[in-house]
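Enquirer: okay, predicted coordinates and the sequence, questions at the end:
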Amino acid sequence: MAKEEKELAVIERSDTEHLKISISEYNGKSYLNMRIFFTNDGGSTWIPTKKGVTFTPDQIEILRDAVDDAMKEFMAQE
């Protein structure tokens, strides 16, 4: 039986579009998912789009390092 999806964060991109970050399981393996969701009913229902990316656990460290590097770049610009 698959584990229930665990939502980690939601980033609002607009009134009708959100980026949802979650952990889920598929075929017995865990993944980090980042997917765009949209609504057309004022936010009552959020529907996943095909726009997204999935990371395996061993790829998360690469992602974290890239985000850390981006943060350093942005801080240096201030």
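Expert: Yes, it's here. Numbering: from 1, shown residues only.

Enquirer: contact partners for I47?
Expert: Counting by CB atoms under 8 Å, 6 or more residues apart in numbering, I47 touches 37-40. All C-beta atoms are positioned from the backbone trio N, CA, C, and that covers glycine.

Enquirer: one more time with 6 Å
Expert: F38 (CB atoms under 6 Å, 6 or more residues apart in numbering).

Enquirer: report pLDDT for it.
Expert: Here the pLDDT value assigned to I47 is 95.

Enquirer: this structure: helices as residue ranges?
Expert: 57-77 (DSSP state H).

Enquirer: low pLDDT regions in it?
Expert: Low-confidence segments of the chain (pLDDT under 70): 1-3.

Enquirer: where do the strands sit along it?
Expert: Counting by DSSP state E, the chain has strands at residues 6-14, 17-26, 29-38, 47-55.

Enquirer: switch those over to JSON lines; also include distance to M75.
Expert: Formatted as JSON lines, those follow (distance: least, CB to CB, whole Å):
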{"stretch": "strand 6-14", "distance to M75": "20"}
{"stretch": "strand 17-26", "distance to M75": "22"}
{"stretch": "strand 29-38", "distance to M75": "23"}
{"stretch": "strand 47-55", "distance to M75": "24"}
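
Enquirer: and for D15, the neighbour number?
Expert: Here the count is done by other CB atoms under 10 Å, and D15 has 9 residues near it.

Enquirer: among the strands of the chain, which comes closest to M71?
Expert: Using CB to CB as the measure, strand 6-14 is the one of those that comes nearest M71, at 15.5 Å.

Enquirer: okay, that closest one in PDB with CA atoms only?
Expert: Extracted in PDB, the C-alpha atoms of strand 6-14 (Å, rounded to 0.1, in the frame of the first residue of the first chain):
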ATOM      1  CA  LYS A   6       3.000  14.600   2.500                       C
ATOM      2  CA  GLU A   7       2.700  18.300   1.600                       C
ATOM      3  CA  LEU A   8       5.700  20.300   2.500                       C
ATOM      4  CA  ALA A   9       5.000  23.700   1.100                       C
ATOM      5  CA  VAL A  10       2.800  25.700  -1.200                       C
ATOM      6  CA  ILE A  11       4.100  28.700  -3.100                       C
ATOM      7  CA  GLU A  12       1.500  31.000  -4.500                       C
ATOM      8  CA  ARG A  13       2.400  32.100  -8.000                       C
ATOM      9  CA  SER A  14      -0.900  33.900  -8.700                       C
END
